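>>> Dropping the sequence and predicted coords here.
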Amino acid sequence: MHSYLSAYYLSGVLVLAGLAHACLANENQSGPAQVSLNPVLSDGPYLSHQDANTLKAQWVCAGKVIEQPQALTKAVAPRCGYDKPIRVQNAVASGWQFQTKRWAAISDIHGQYDLMIRLLQAANIIDADRNWQFGRNQLVIVGDVMDRGNQVTSALWLLYDLQQQAARAGGAVHLLPGNHETMVLRGDLRYVHPDYQQVAEKLHTTLPALYGEHSVLGAWLRQLPLFVRINDMLFVHGGISAEFAALQADNQTDTHTLQHQFQQSWGRSKTELALQPQQQLLQGSAGPLWYRGYFAKDNPVDRSVLQQQLKRFGAEQIVVGHTSMQDVYSHHGGLVYSVDSSIKKGKNGAVLHYIDGRYLRSGLDGQLTPVMPAPAKEKD
């Protein structure tokens, strides 16, 4: 494996910092526009650690705030919002390299909880009760559960639960961060559904504070791996840009440092990121959460260059989300698979499957069909 953090040139960092700043500079920190109130607003729970043994549990149910202490060792019973009991547990042991004969991938849920459930049930990944039934296989959510839709909280709690269930079954759920998770935690609320602004106001706080370091979901999000590799397939929300790859040196890959730098970047302002070039890159337009170069009309990525970049991660192919299309597709002769199938629209979507060397896709009907190359209209 090659190192991509232990050494880099100052000139490259300066160029990349400028590219990252170009993206961050466009963020509007003022939040979403004011809208009419939702009189039947229900959401939750929001759980935060009070001390070593106690949680604070909060809901907004039909517009009314419910708050109660909760023993850490007991399941949190549903009041409204997410309708299954929640057991707060230690994070599943993290890592980034895995092996399996079968995996599935989906991305860019964007609060479309009901549609996510239907797709996972049709793919026989979860059962009718929304429990894990994928055995020792692995599921990757390639970022962007947050923003746009109004069922983000429920989607996160289901994935939190499924991750624990999968681990007990010998399988795995890998939730990767997308650019929208980092935006919300940094206070860029342009794409947040108006309901969540109301929830925060009723709880006399802010949405980033609801996902603070002492909250259960906030702590969980902050320890997510930036990327994972399963067999020889790399998974990351946006992709690996040439600028990002240029920081990598030709010796052992320092993945721990990369992950540490990414975790340190969560929630930091533009000003704070400007003082940390590596972190600014990770959160900027040339970073792995924002990159869209695999699908550019102008100056498309060269196949040989892409192969060299993937080798730095010990990978031969890559799965990405972030760029919305009508289905899951293959690109660049099968080097790239895109899994943002426009679930955010709430109407349809697809799951990518790897089964004993074959790449298949399923939709709401559950039928497994071969993944097709992207049509010309989808390549931009």
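Perfect, I can see it now.

>>> quick one: low-confidence parts of the stretch 151-300 of the chain?
247-253 (pLDDT under 70).

>>> What segments of it are helices?
Chain-ordered helices for the stretch 151-300 of the chain, with DSSP state H, counting those that start in this stretch as the definition, fall at 152-169, 179-186, 194-202, 207-210, 216-222, 242-245, 255-265, 270-274, 277-282.

>>> Any chance of the ones you listed in TSV with distance to H332 and mean neighbour count as columns?
All C-beta spots, glycine's among them, are computed from the backbone N, C-alpha and C. TSV is the format used below for the helices of the stretch 151-300 of the chain (distance: least, Cβ to Cβ, whole Å; neighbours: other Cβ atoms under 10 Å):
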stretch	distance to H332	mean neighbour count
helix 152-169	29	20
helix 179-186	22	24
helix 194-202	37	19
helix 207-210	37	19
helix 216-222	31	20
helix 242-245	14	19
helix 255-265	24	17
helix 270-274	31	16
helix 277-282	23	24
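
>>> for those helices, which one sits closest to R79?
Closest approach to R79 among these is made by helix 152-169 (12.4 Å; Cβ to Cβ).

>>> pull the CA atoms of that closest one into PDB?
C-alpha atoms of helix 152-169 as PDB (Å, rounded to 0.1, in the frame of the first residue of the first chain):
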ATOM      1  CA  VAL A 152     -33.900  12.100   8.400                       C
ATOM      2  CA  THR A 153     -34.100  11.200  12.100                       C
ATOM      3  CA  SER A 154     -35.900   7.900  11.500                       C
ATOM      4  CA  ALA A 155     -33.500   7.000   8.600                       C
ATOM      5  CA  LEU A 156     -30.500   7.500  10.900                       C
ATOM      6  CA  TRP A 157     -32.000   5.500  13.800                       C
ATOM      7  CA  LEU A 158     -32.900   2.600  11.500                       C
ATOM      8  CA  LEU A 159     -29.300   2.500  10.100                       C
ATOM      9  CA  TYR A 160     -27.900   2.800  13.700                       C
ATOM     10  CA  ASP A 161     -30.000  -0.200  14.700                       C
ATOM     11  CA  LEU A 162     -29.200  -2.200  11.500                       C
ATOM     12  CA  GLN A 163     -25.500  -1.700  12.100                       C
ATOM     13  CA  GLN A 164     -25.800  -3.400  15.500                       C
ATOM     14  CA  GLN A 165     -28.000  -6.200  14.200                       C
ATOM     15  CA  ALA A 166     -25.700  -6.900  11.200                       C
ATOM     16  CA  ALA A 167     -22.600  -7.000  13.500                       C
ATOM     17  CA  ARG A 168     -24.300  -9.600  15.700                       C
ATOM     18  CA  ALA A 169     -25.200 -11.700  12.600                       C
END
